[in-house]
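> pasting the sequence and the predicted coordinates here, then a few questions.
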Amino acid sequence: MTKTLAVVMDPIEHIQYKKDSTLSMLWEAQKRGYTLFYVTPDNLYSLDGKPYAIAQPLEVFQNEREWYRLSPMTEDLLLSDMTVILMRQDPPFNMNYIFNTYILELAEKQGAFVANKPRALRDINEKCFLSEFPQYAPPTLVSSNATKLKDFLQQHKDIVIKPLNAMGGASIFRLTKEDPNINVVIETMTEYGQRKVMAQRYIAAILEGDKRILLVNGEPIDYVLARFAQEGETRANLARGGRGVVQPINEHDRLMARSIGSVLSDRGVIFAGIDVIGECVTEINITSPTCIREVDEACSLNISGVLFDAIELRIDSKI
């Protein structure tokens, strides 16, 4: 039986070859005999109750100068015929993203395995979902109300404010109660009270690294990537120039990740990334988590192999 895989991702020509986690997944799938198809998010559509994509056959290579080759021919691919669909579209999480999950949900209902589960992608906001685990989170407020945000700042004295639908450290502000820009930051972030944001107490342990814990099928990988901010920068995200150091997961973080991971797995999230500062979880990433390549390279692992073992086990369990 032919195994097929469609990947929904942002332009493959713009990825960072040395760091991209989706590319690692595609190498693994190709090695396992999957025929690959490439789909950009704008090329998903449905017709008469059937899910389709305008797709191009894809080959991938472990070659920095040529890491992919696309067929010049496109085809209208019936997504329900795919063995696996990888949803790896980056945020922003907006209405177009949600509409794409509806189309992928049709494919799932009609026979394809979609990772991560489309309903979970809709339901589990990477910031708000933290509210289901207050025992692991720092003091956290989600609101668009300026008074509530200012009261939170006065209570905790030093906070970060971030949008609910972005990634990579975009538009994250740190505020102290003496900051002269409190009003303008809150007005800008909330669009004058029209958009909810997340505020969290600043965690000084960020100086010891912002740890990314990867989970496959609810189980944490044994090594984490601790990210350290550049001097003069609050954000430790690699996309913002942060430096990554791979280290073994500690027992506290393992137990915490397993607790969250069991809930994620039950909801159809087969691959996730949890961000931990000190002993607090600050985000739960499920849209397109990264850091596979850094951990693999440092520890001679194959996290994508672990991921596809889990995917194929789930597929086999349905047959």
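Cool, the structure landed.

> give me every residue that touches residue 274.
Residue 274 makes contacts with 212, 213, 215, 220, 256, 257, 260, 261, 281, 283, 284, 285, as judged by CB atoms under 8 Å, 6 or more residues apart in numbering. C-betas here are computed from N, CA, C, even on glycine.

> I figured the second one was touching residue 257, is that so?
If I follow you right, that is residue 213. Yes - look at residue 213 against residue 257 with CB atoms under 8 Å: they come within range, at 4.9 Å.

> quickly list what's touching both of these two.
Common neighbours of residue 213 and residue 257 (CB under 8 Å, 6+ apart) are 220, 249, 274.

> can I get those residues in JSON lines including secondary structure and pLDDT?
Conversion of those to JSON lines gives the following (DSSP: H, G, I helix; E, B strand; the rest coil; pLDDT from 0 to 100):
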{"residue": "220", "secondary structure": "strand", "pLDDT": "98"}
{"residue": "249", "secondary structure": "coil", "pLDDT": "97"}
{"residue": "274", "secondary structure": "strand", "pLDDT": "97"}
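
> for these, which one is nearest residue 317?
residue 220 (21.8 Å; CB to CB).

> the closest one contacts residue 260, correct?
No - the criterion here is CB under 8 Å, and residue 220 misses it with residue 260 at 9.3 Å.

> where does the stretch 101-250 of the chain dip in pLDDT?
167-169, 231-241 (pLDDT under 70).

> what segments of it are strands?
Taking DSSP state E, counting those that start in this stretch as the test, the strands found in the stretch 101-250 of the chain are 113-115, 140-143, 158-163, 173-176, 197-201, 210-216, 219-220, 223-228, 243-248.

> relative to residue 46, which of the ones you listed is closest?
Of all the strands of the stretch 101-250 of the chain, strand 113-115 comes closest under CB to CB, at 14.3 Å.

> show me what that closest one is packed up against.
Secondary-structure packing of strand 113-115 (3 or more CB pairs under 8 Å, 6 or more residues apart in numbering; DSSP states H and E): strand 84-88, helix 95-109, helix 303-318.

> could you point out the longest strand in this structure?
strand 50-60 (DSSP state E).

> show me how far it is from its chain's centre.
22 Å (CA atoms, centre = their mean, to the nearest Å).

> give the buried residues for that strand.
Within strand 50-60, the residues that count as buried by 16 or more other CB atoms under 10 Å are 51, 52, 53, 55, 56, 57, 58, 60.

> out of those, who's nearest residue 79?
Nearest to residue 79, judged by CB to CB, of the buried residues of strand 50-60 is residue 51 at 4.2 Å.

> what are the bridge partners for that closest one, then?
Judged by DSSP bridges, the bridge partners of residue 51 are residue 46.

> so what's it up against?
By CB under 8 Å, 6+ apart, the contact set of residue 51 is 44, 45, 78, 79, 80, 103, 104, 106, 107, 110.
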